[in-house]
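> sharing a sequence plus its predicted fold:
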Amino acid sequence: MRIAQMNDAMRRQAHTLAQANYEAEPAIECIYLFPSNEEVRLIEIDKTAGSHNDGGMVMPFYFGPDLASGLRFPSAIALISPEDVTTHQPPAGWGNWQEAEIIDKTSL
Amino acid sequence: MPADWRSAYLQQARSDHAMLLQLMKEGAPLCHRLHYLQMTTEKLAKGLLTPPGDTAYERTHNAFVRFVRVAKVRPEVRRICGFEGKADQFTAYVNSLLPLAGDIQSLSPEGEDHPNPEYPWMIHGIIYSPAEFAFDNFQFTHPKMTKMIEFIANCFQIA
């Protein structure tokens, strides 16, 4: 699946979450959005995060929708170090790093 | 019966949490309170690491600290902890929990012999028992522990 095929509302939630996450954690350098219409899939590069060190695959945390917080869709998120990008693959079924959209701080 | 591994982990985490609260209320020996604190946090984090559905959980040793870091950027965790509209304060709040989160995570008995609330260990030829060890970093009356217990309880509301 490609980013352009993502549900608009889900993509908007992804961008809203990304902006909130940049504000909440200034150490986040960039955010990868992986295409999906099942859940918002974000891997966030945090220069203060320790090494992920989980057998070479990023392991995200999974959260359900939370309408009270404005989150219509479930989401999956991982915080990894900049070095982990070169040593780890995205979770199975998410695609590769090149298929993700980079949500840069300056683009928000 | 739980529907999947995620549900099973979170169900057991809730049960461990209930036992922790009971042991705290009763003033049970510190090693037992710490044991249930460590198990609660480990299963809470591992449950949230497990996607809904039938996928089995994959092992990791540092789930709780990673969860607390992620919690810092989650709007629903901020809301449930009472910091809606106060992102900076929430960030500071979670940052203040991270050192203790690391200490709690280190209570897992896995790895080289070290102080833990479950099994005796040996260091420099001396055998220690959890029942007699002071665990100086982990006083339940300390404000940072009070904050952590409250944070954990809040997280179960969104898990």
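Yep, it's here.
> going by C-alpha atoms from here, please, whenever you check contacts or count neighbours.
OK.
> in what helix or strand does the spatially most central residue of chain B lie?
For chain B, residue B:41 is the residue whose C-alpha lies nearest the centre (Cα atoms, centre = their mean; 2.3 Å). Using DSSP states H and E, residue B:41 sits within helix B:30-49.
> show me the helices in the chain, by range?
This is for chain A. Under the criterion DSSP state H, helices of chain A are mapped to A:8-24, A:84-87.
> if you could check chain B rather than the one you did, that'd help
Per DSSP H, chain B carries helices over the ranges B:5-26, B:30-49, B:63-71, B:75-80, B:87-105, B:143-156.
> give the rounded mean pLDDT of the third one.
Model confidence over helix B:63-71, given as mean pLDDT, is 95.
> quick check: which helices or strands does it pack against?
Judged by 3 or more Cα pairs under 8 Å, 6 or more residues apart in numbering or on different chains; DSSP states H and E, the packing partners of helix B:63-71 are strand A:75-80, helix B:30-49, helix B:87-105.
> turn these into JSON lines, including distance to residue B:72 and mean pLDDT.
Compiled in JSON lines, those are given as follows (distance: least, Cα to Cα, whole Å; pLDDT from 0 to 100):
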{"stretch": "strand A:75-80", "distance to residue B:72": "11", "mean pLDDT": "96"}
{"stretch": "helix B:30-49", "distance to residue B:72": "14", "mean pLDDT": "96"}
{"stretch": "helix B:87-105", "distance to residue B:72": "6", "mean pLDDT": "96"}
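> make a markdown table from these and add distance to residue A:23 to it.
Formatted as a markdown table, the helices and strands packed on helix B:63-71 follow (distance: least, Cα to Cα, whole Å):
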| stretch | distance to residue A:23 |
| --- | --- |
| strand A:75-80 | 15 |
| helix B:30-49 | 23 |
| helix B:87-105 | 8 |
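> understood, closing this out.
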